[in-house]
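1. pasting the sequence and the predicted model now:
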Amino acid sequence: MRVVLAGGGSAGHISPALALADALRQADPAIGVTFLGTERGLETRLVPQRGYELATIPPVPMPRSLTPQLFMVPGRLAAAVNAAARVLDRTDADALVGFGGYVSTPAYLAARRRRVPIVVHEANPRPGLANRLGARLTRHVFIGNPDASLPHARYIGIPLRREITELDRLDLADKARAHFGFRPDLPVLLVTGGSQGARSLNQAVFGAAGWIREAGVQLLHLVGPRSTVDAQPPVAGPAQVIVPYLDRMDLAYAAADMVLCRAGAMTCAEVAAVGLPAAFVPLPHGNGEQMLNAAPIVRAGGALVIEDAALTPEWIRDTLLPILLDADRVAGMSRAAAGLGRRDADTRLAAEVLSIIAGSR
């Protein structure tokens, strides 16, 4: 069997596609997996690193307003569809799985032309243009957020990397805390603004550092590789570990009792899967999607949400720290988050894809 995965562009599209690829390989080591991307996306680095073939097609940027560039879209789209069709032909694809983004639109159209079964996975509560199109071309549609709305959609969760889905936070907690130099008997607050960091989170946490230390809370703060804030850990009191980024987020999740973070789809899926209580700070711009990402976990009682403009050092002191110091409440939030999390979305989606291929033969 041979599967083509269209998930280029952002990490939000590539990461679940890679998780599915790993699950397909685990289910059938002989399966052929090819990624469809462009020459300028993150996929050019992430996909080869994981040992998968990457086939590139021309990018088709979609202007957001009426500009002369809009008139170039039909020609560019036709070229991209033709290129995607050639990949499907060369690989003799049995199925095309799309995760949205600019690569998926030509991939869906090419698969429709070649009569290759189409599978759509949408991670976000507000589906993008590509997946809205794809969902009209197939009945095999899966969503990662229970509030998403697409024709024929079934809620399955977001495929996550195995080091997250197999993480036992309680079992690894002491080892993880020792890794960062934390004491095992004091609570740990994890702060992360995502791959690039978040200035507002950094400023609020640095402003509250003294109160965090006085409360007896240890801090693991991922400021982002581009952060220009210069903060030195204290020489006394509970440990405050400040680093640009971490390769081992599983250790960070295991060491923490609570996380202060953005509310991207992958972040929400990961913290729910591992049962880590969260204080979500959705991005203040865009279409409000991050607030929607967090909503199911907040409703379930596994997280709280604070608007970016309201995130201050005083809010951390008056709201976040009292919750973190209430062990019973933290335990209840952890159970609520874990109850909503999906650890098996990768294997479930892989099983669906293999079943669809078997049914089409």
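-> That came in fine, so what should we check first?

2. state the distance from A153 to I118.
-> 14 Å (Cβ to Cβ, to the nearest Å). C-betas here are computed from N, CA, C, even on glycine.

3. and those two? which has more neighbours close in?
-> Neighbours were counted for A153 and for I118 using other Cβ atoms under 10 Å; I118 has more, 25 against 20.

4. need the pLDDT of the more buried one.
-> At I118, the model reports a pLDDT of 98.

5. and if you look at A135?
-> 96.

6. domain map for the chain?
-> With domains defined by automatic domain parsing, the chain comprises 2-160+343-360, 164-340.

7. ends of stretch 4-11, what's the gap?
-> 18 Å (Cα to Cα, to the nearest Å).

8. hmm, who's touching it?
-> Under the criterion Cβ atoms under 8 Å, 6 or more residues apart in numbering, residues 13-14, 16-18, 20-21, 33-38, 41-43, 46, 55, 84, 87-88, 91, 93, 95-104, 107-108, 116, 195, 266 lie in contact with stretch 4-11.

9. at 7 Å instead, please
-> When contacts are defined by Cβ atoms under 7 Å, 6 or more residues apart in numbering, stretch 4-11 is touched by residues 13-14, 16-17, 20-21, 33-38, 41-43, 87-88, 91, 93, 96-99, 101-104, 107, 195.

10. can I have the buried ones of those residues as a ChimeraX selection?
-> Buried residues within those, by 16 or more other Cβ atoms under 10 Å, are selected in ChimeraX with:
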select :13,14,16,17,20,21,33,34,35,36,37,38,41,42,43,87,88,91,93,96,97,98,99,101,102,103,104,107
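
11. mind checking the SS state of V3?
-> Assigned by DSSP: H, G, I helix; E, B strand; the rest coil, the conformation of V3 is strand.

12. quick check: which ranges of the stretch 151-300 of the chain have low pLDDT?
-> 195-197, 227-236 (pLDDT under 70).

13. strands along that one, start to end?
-> 153-155, 188-192, 218-222, 240-243, 258-261, 278-280 (DSSP state E, counting those that start in this stretch).

14. need these in a markdown table (columns: distance to R2).
-> Shown next, in a markdown table, are these (distance: least, Cβ to Cβ, whole Å):
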| stretch | distance to R2 |
| --- | --- |
| strand 153-155 | 24 |
| strand 188-192 | 37 |
| strand 218-222 | 38 |
| strand 240-243 | 41 |
| strand 258-261 | 38 |
| strand 278-280 | 39 |
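
15. nearest to A331, out of the ones you listed?
-> Across those, A331 has its closest neighbour in strand 258-261 (11.2 Å, Cβ to Cβ).

16. looking at the contacts of stretch 4-11, which are in helices?
-> H13, I14, P16, A17, L20, A21, E43, V87, L88, T91, S104, A107 (DSSP state H).

17. what's the closest of those residues to G339?
-> Of all the ones in helices among the contacts of stretch 4-11, the one with the least separation from G339 (Cβ to Cβ) is P16, at 21.3 Å.
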